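Participant: just coords:
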């Protein structure tokens, strides 16, 4: 079965950096659009970033553009989210997600087929 396992979350001071990883198994990784979402307490899950099958195209939410970078290593079945210049409002549980469609511009939660369990990111002010 498909498994997505996130890691790399933690506590960081505002202005700091974290790198999240998501290891995928049970799927043909290079045939999946990969995305990152986040959910803060009391809020709905929201789109953060997506990357195309071979990594040539990326798409970001306006709130993270210029600070976060999504990348992937198809040889290792892993997608990454490099987060720089973190702000307290970035505090959330971050989820990795996968979808078979090539369309990376669809940011809806229900557009994704598989989800990880999430990793907590806390940014202290």
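Facilitator: The structure has been received and is ready for your questions. Keep in mind the model is a prediction, meaning the values are calculated, not measured.
Participant: Please count neighbours and contacts with C-alpha atoms only from this point.
Facilitator: OK.
Participant: Near residue 63, how many other residues are there?
Facilitator: Number of residues near residue 63 (other Cα atoms under 10 Å) recorded here: 12.
Participant: same thing with residue 62?
Facilitator: Residues near residue 62, counting by other Cα under 10 Å, number 10.
Participant: before we move on, what about residue 41?
Facilitator: That count, for residue 41 with other Cα under 10 Å as the rule, works out to 9.
Participant: show me what contacts the nearest residue to it once chain neighbours are set aside?
Facilitator: Leaving out its chain neighbours, the residue that sits closest to residue 41 by Cα to Cα, 6 or more residues apart in numbering is residue 92, at 7.1 Å. The contact partners of residue 92, taken as Cα atoms under 8 Å, 6 or more residues apart in numbering, are 38-41, 120-122.
Participant: Just the buried subset of those residues, written out for PyMOL, thanks.
Facilitator: Here is the PyMOL command that selects the buried residues among these (16 or more other Cα atoms under 10 Å):
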select buried, resi 38+39+40+120+121+122
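Participant: Just the ones of the contacts of residue 92 in helices?
Facilitator: Among the contacts of residue 92, no member falls in helices (DSSP state H).
Participant: any idea which of the contacts of residue 92 is closest to residue 103?
Facilitator: residue 38 (19.8 Å; Cα to Cα).
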